[in-house]
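S.K.: Sequence below, structure please.
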Amino acid sequence: MSGNGPGTVLLTDRAWPDDTVERAVLGAAGIALVAGPPDPAPASVIAALAARHQPDAILTCWAQVSATAISASPALRLVARMGVGLDNINVAAATGAGVLVTNVPDYCIEEVSDHAVALVLAWARGIAAADRQVRAGRWDPAGPRLRRLSALTCGVIGYGRIGRRTAAKIAALGARVVAHDPHPPATVGEVEFTSLDELLARSDAVIVHAPLTPATRHLLGARELALLPPGSLLVNVSRGGLVDTAALVGALASGQLSGAGLDVIEGEPDVPRELLSHPGVVITPHIAFSSDVSVLELRHSAAEEVVRVLTGQPPRFPCNVPQATASNGGPR
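M.R.: Next up is the predicted model:
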């Protein structure tokens, strides 16, 4: 298609009941939508759908968009992530093929930071464990080891949009906050920045807000978890692969960690039984991003980004600089 005409978009999967929002936004611009299965299909299925429908853009939630899928459609100009992380997209392959990659980094800042704070509070006040005990017939107000949040130090790993909001909310509740980011902002306010090792050694609770990349996979392994004070908490609301699951299980078994708040897990939705059975572990099914407001914002924003690119406008949130160019002067 030309840079200014309508086209076809492949929706690989979705985390909501229908595709009416996406279809309406794209349809208003004369762009056709073809939908794959609601649940994430294997990468080979996504590649076959791309080969069959020859889309100008791919909208993806969690399905893997492989190099094969990217090369399957000569018309492809954009892979738009319906979310923040890009670990399900072969960004290098897209870049080399002249295909833009975009995301929606600003739709769930409040939700994910709220979720992280909620998991810290649930641990500090023993909410989930106490609820389970009462439901099991135990009434033991003297048993739990509860904590005052304002007496704790909370470490925030990753100081992007969401990390900054989490730090602000935790600080507003009285806790001390230390942070680590390989690229800290120029202005950090009252937050103290430290090395990762120092953050771990000083933190009663650690909250992970880092992206998953080859460099950050298993960012927290056995060595790192051993640096934490005994009885501390680990919260992961980013990507499961940031934490070595075997090391996490070991740290919980030894008491190095007294709890974990996990919205994401390696190999999800399969959860190790050691995590399911541990009384200090709270697990939610990758829902930190979600609210009635955020999901609508995400769907509109991702679809509107597709419209912008396919009608020749610059994207709001480009995540790469495509190397190849098409004859119309823009990214292929």
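S.K.: where along the stretch 101-250 of the chain do the helices fall?
M.R.: For the stretch 101-250 of the chain, the helices defined by DSSP state H, counting those that start in this stretch cover 109-124, 127-135, 161-172, 196-202, 222-226, 245-254.
S.K.: got the contact list for residue 208?
M.R.: By C-beta atoms under 8 Å, 6 or more residues apart in numbering, residue 208 lies in contact with 157, 158, 219, 220, 234, 235, 236, 237, 238, 242, 243. Every residue, glycine included, has its C-beta placed from N, CA and C.
S.K.: Tabulate the CA atom coordinates of stretch 136-149 in CSV.
M.R.: Extracted C-alpha coordinates of stretch 136-149, given in CSV (Å, rounded to 0.1, in the frame of the first residue of the first chain):
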residue,chain,number,x,y,z
ALA,A,136,-8.9,-22.4,57.5
GLY,A,137,-10.4,-22.0,61.0
ARG,A,138,-7.4,-20.4,62.7
TRP,A,139,-7.8,-17.2,64.8
ASP,A,140,-4.3,-16.2,65.9
PRO,A,141,-3.8,-12.5,66.3
ALA,A,142,-0.5,-13.0,68.2
GLY,A,143,1.1,-15.1,65.4
PRO,A,144,1.8,-12.9,62.5
ARG,A,145,5.0,-10.9,62.2
LEU,A,146,3.7,-7.5,61.1
ARG,A,147,5.6,-4.4,60.0
ARG,A,148,5.3,-0.7,60.1
LEU,A,149,5.8,0.6,56.6
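S.K.: gap between that stretch and the chain center?
M.R.: Mean-position distance between stretch 136-149 and its chain equals 32 Å (C-alpha atoms, centre = their mean, to the nearest Å).
S.K.: still on that earlier bit, need the helices of the stretch 101-250 of the chain in TSV (columns: mean neighbour count).
M.R.: Listed next are these as TSV, based on neighbours: other C-beta atoms under 10 Å:
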stretch	mean neighbour count
helix 109-124	22
helix 127-135	14
helix 161-172	21
helix 196-202	18
helix 222-226	17
helix 245-254	18
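S.K.: Can you add distance to residue 26 and mean pLDDT and give those helices back as TSV?
M.R.: Putting these into TSV (distance: least, C-beta to C-beta, whole Å; pLDDT from 0 to 100) gives the following:
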stretch	distance to residue 26	mean pLDDT
helix 109-124	25	98
helix 127-135	41	94
helix 161-172	27	96
helix 196-202	42	98
helix 222-226	44	98
helix 245-254	39	98
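S.K.: Could you measure from the spatially most central residue of the chain over to residue 265?
M.R.: Nearest residue to the geometric centre of the chain (C-alpha atoms, centre = their mean): residue 238, 4.3 Å. Residue 238 is 11 Å from residue 265, where distance means C-beta to C-beta, to the nearest Å.
S.K.: Same question for residue 83.
M.R.: In this view, residue 83 and residue 265 are 17 Å apart by C-beta to C-beta.
S.K.: These two: which is more packed in?
M.R.: residue 265 (22 against 19; other C-beta atoms under 10 Å).
S.K.: thought residue 82 was touching residue 299?
M.R.: Yes. Taking contacts as C-beta atoms under 8 Å, residue 82 lies within contact range of residue 299: 7.1 Å.
S.K.: residues in contact with residue 34?
M.R.: Each residue near residue 34 by C-beta under 8 Å, 6+ apart is listed here: 8, 9, 10, 11, 49, 53, 55.
S.K.: just to revisit the earlier point, distance to residue 270 added to the helices of the stretch 101-250 of the chain, as TSV?
M.R.: Converted to TSV, the helices of the stretch 101-250 of the chain look like this (distance: least, C-beta to C-beta, whole Å):
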stretch	distance to residue 270
helix 109-124	21
helix 127-135	21
helix 161-172	26
helix 196-202	27
helix 222-226	21
helix 245-254	10
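S.K.: mind checking the longest helix of this protein?
M.R.: helix 292-310 (DSSP state H).
S.K.: buried residues in that one?
M.R.: Under the neighbour-count criterion of 16 or more other C-beta atoms under 10 Å, helix 292-310 has 294-295, 298-310 buried.
S.K.: If we ignore the residues flanking it in sequence, what's nearest residue 148?
M.R.: Leaving aside its chain neighbours, residue 148 sits nearest to residue 124 (7.6 Å; criterion: C-beta to C-beta, 6 or more residues apart in numbering).
S.K.: The longest helix of the chain packs against which elements?
M.R.: Under the contact criterion of 3 or more C-beta pairs under 8 Å, 6 or more residues apart in numbering; DSSP states H and E, the helices and strands touching helix 292-310 comprise helix 20-28, strand 57-60, strand 78-81, strand 100-102.
S.K.: So which of those is nearest residue 289?
M.R.: Taking C-beta to C-beta, strand 78-81 is the member of these nearest to residue 289, at 12.1 Å.
S.K.: now residue 193: how far from residue 158?
M.R.: Using C-beta to C-beta, one gets 12 Å for the distance from residue 193 to residue 158.
S.K.: That's all I had, so thanks and see you.
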